[in-house]
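Undergrad: Output the structure for:
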Amino acid sequence: MSALPTTDLLTAARAGDENAFAALVEPHRRDLHAHCYRMLGSLQDAEDALQDALLRAWRGLGRFEGRASLRTWLHRIATNACLDLAKRRPARVLPIDYGPPADPHDGPGPPLTESVWVEPYPDEHLAYEQRESVELAFVAALQHLPASQRAVLILREVLGFSAREVADTLETSVPSVNSALQRARKAVDERLPAQSQQATVRALGDKRLEQLVSAYVDAWEAGDVEAVTALLAEDAALAMPPRATWFRGLDACRIFLAERALARRSRLVRAYANGQVAFATYLWDPDRECYEGHVIQVLTLRGDRIAEVTAFVEPALVAQFGLPATLR
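TA: Presented below is the predicted three-dimensional model:
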């Protein structure tokens with residue numbers, strides 16, 4: 001069915017052929033999912049919004065006249081599905097934006113019962129040029145915008161929609177779109193680091209990056225607090241959503257690593273998250289005699305040092321990243 005031309009798939013889908021519709025939208029599914037993630041900052045919310053958008057597209061296919069491309073039409077529907085969902089969900093942040101750093105001797109606090117955190121995004125299958133637009137800092141900065149401004153910025157700057165296409169999507173005027181874009185750019189730029197992770201990695205080069213990755217893995221798996229700390233920036237931050245607790249500075253990180261994070265045998269497996277260096281952390285379970293997937297770590301680099309470690313403590317995420325639940 002997918003070998004049919006788009007016009008034939010459209011004809012079949014409009015006649016009620018669900019397989020034709022699935023073949024029609026499949027080439028756009030990955031981009032639509034990433035778009036929903038940028039809008040909502042959550043893997044699960046992105047999935048919910050995408051399913052809602054595809055249902056809306058299926059029901060509204062008879063109204064698709066082809067004046068816009070199918071890509072534009074589907075992203076228009078997905079954007080509005082995200083805006084509707086955003087009205088019902090709290091804004092998402094990272095712990096660093098949620099409150100002040102904690103005393104490392106106190107250890108991590110309890111998880112918040114309400115999900116308010118930006119979540120990591122599996123990016124293994126995203127095109128290289130798309131990865132900058134799912135970096136943690138960018139996605140977190142987006143969540144501080146009003147939802148409509150967020151939509152304008154993503155549609156214009158990430159997806160390359162024209163101002164007229166964005167205005168049609170949001171049922172507003174071109175001057176309103178241009179004004180919203182200007183405000184959104186300013187707000188996001190104030191929250192972004194001077195250099196993206198993609199630019200940082202390019203500047204490091206493959207050899208130095210692999211040396212850094214190998215050194216981090218070796219030090220972490222050896223439980224070597226000083227070796228891990230030596231890879232951190234002076235003002236490094238360590239956060240652990242869904243806990244609001246986070247720590248700032250080498251001394252605080254060293255204490256937490258020694259008393260908590262590295263006090264238990266663990267293994268790291270390379271993951272692909274948010275266009276950044278990432279790992280799944282597996283902790284040793286003596287009863288089951290295996291390592292269990294427990295955390296997705298996303299590292300933010302600055303030069304050749306690690307500026308932030310955001311450790312998402314959610315075992316279910318390991319499977320969502322396509323990694324095994326346990327290691328022997």
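
Undergrad: contacts, neighbours, all on C-alpha from now
TA: Noted.

Undergrad: What segments of the chain are strands?
TA: Taking DSSP state E as the test, the strands found in the chain are 232-239, 246-248, 266-273, 276-285, 290-302, 305-313, 326-327.

Undergrad: any chance of those strands in CSV, plus mean neighbour count, mean pLDDT and distance to D97?
TA: Putting the strands of the chain into CSV (neighbours: other C-alpha atoms under 10 Å; pLDDT from 0 to 100; distance: least, C-alpha to C-alpha, whole Å) gives the following:
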stretch, mean neighbour count, mean pLDDT, distance to D97
strand 232-239, 20, 98, 11
strand 246-248, 25, 97, 10
strand 266-273, 20, 97, 20
strand 276-285, 22, 98, 20
strand 290-302, 23, 98, 16
strand 305-313, 21, 97, 13
strand 326-327, 16, 98, 33
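
Undergrad: And the helices in this protein, which stretches?
TA: Here the chain has its helices, by DSSP state H, at 6-14, 18-40, 43-60, 70-86, 95-98, 136-143, 147-153, 163-170, 174-191, 197-204, 206-221, 225-229, 250-256, 315-320.

Undergrad: In CSV: the ones you listed, plus distance to R302, mean neighbour count and mean pLDDT.
TA: Listed next are those as CSV, based on distance: least, C-alpha to C-alpha, whole Å; neighbours: other C-alpha atoms under 10 Å; pLDDT from 0 to 100:
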stretch, distance to R302, mean neighbour count, mean pLDDT
helix 6-14, 45, 17, 91
helix 18-40, 23, 20, 96
helix 43-60, 26, 18, 97
helix 70-86, 32, 20, 97
helix 95-98, 17, 18, 92
helix 136-143, 13, 24, 98
helix 147-153, 25, 24, 98
helix 163-170, 34, 18, 97
helix 174-191, 15, 16, 98
helix 197-204, 7, 17, 97
helix 206-221, 12, 16, 98
helix 225-229, 15, 18, 98
helix 250-256, 15, 20, 97
helix 315-320, 26, 17, 95
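
Undergrad: And those helices: which comes nearest M240?
TA: Between M240 and the helices of the chain, the shortest gap by C-alpha to C-alpha is with helix 95-98, which sits at 7.6 Å.

Undergrad: Need the residues that contact the closest one.
TA: 117, 239-241, 243-246 (C-alpha atoms under 8 Å, 6 or more residues apart in numbering).

Undergrad: Return it as CSV; C-alpha atoms alone will do.
TA: Extracted C-alpha coordinates of helix 95-98, given in CSV (Å, rounded to 0.1, in the frame of the first residue of the first chain):
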residue,chain,number,x,y,z
PRO,A,95,14.6,21.2,38.9
ILE,A,96,17.2,24.0,38.4
ASP,A,97,14.2,26.3,37.4
TYR,A,98,12.0,25.0,40.2
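
Undergrad: mind listing what the residue most central in space within the chain touches?
TA: The C-alpha lying nearest the average C-alpha coordinate of the chain belongs to Y121 (C-alpha atoms, centre = their mean; 3.5 Å). Contacts for Y121 (C-alpha under 8 Å, 6+ apart) come out as 37, 42-43, 134, 273-274.

Undergrad: how about L192, phi and psi?
TA: L192 adopts backbone torsions of phi -90, psi 150, taken as degrees, to the nearest 10.

Undergrad: residues in contact with it?
TA: 137-138, 141.

Undergrad: 7 Å instead, please
TA: L192 makes contacts with 137-138, as judged by C-alpha atoms under 7 Å, 6 or more residues apart in numbering.

Undergrad: For T7, find the nearest of the strands of the chain.
TA: strand 266-273 (35.9 Å).

Undergrad: Now do the closest one against helix 136-143: the angle between them, please.
TA: 60 degrees (axes from the mean of the first three to the mean of the last three C-alpha atoms, to 10 degrees).

Undergrad: now the angle from strand 266-273 to strand 276-285?
TA: Here strand 266-273 runs at an angle of 150 degrees relative to strand 276-285 (the same axes, to 10 degrees).

Undergrad: Now strand 266-273 - C-alpha only, CSV.
TA: Output of strand 266-273 as CSV, limited to C-alpha atoms (Å, rounded to 0.1, in the frame of the first residue of the first chain):
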residue,chain,number,x,y,z
SER,A,266,26.3,0.3,38.7
ARG,A,267,26.9,0.1,35.0
LEU,A,268,26.4,2.7,32.3
VAL,A,269,25.0,2.0,28.8
ARG,A,270,25.2,4.7,26.1
ALA,A,271,21.8,6.2,25.2
TYR,A,272,20.6,8.7,22.7
ALA,A,273,18.7,11.6,24.4
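
Undergrad: I'd like to know which elements that strand is packed against.
TA: Applying 3 or more C-alpha pairs under 7 Å, 6 or more residues apart in numbering; DSSP states H and E, one finds that strand 266-273 makes contact with helix 206-221, strand 276-285.

Undergrad: Identify whichever of those lies nearest to V93.
TA: Evaluated over the helices and strands packed on strand 266-273, closeness to V93 peaks at strand 276-285, with 18.0 Å, by C-alpha to C-alpha.

Undergrad: partner strands of that closest one, parallel or antiparallel?
TA: Sheet pairing of strand 276-285 (DSSP bridges) gives strand 266-273 (antiparallel), strand 290-302 (antiparallel).
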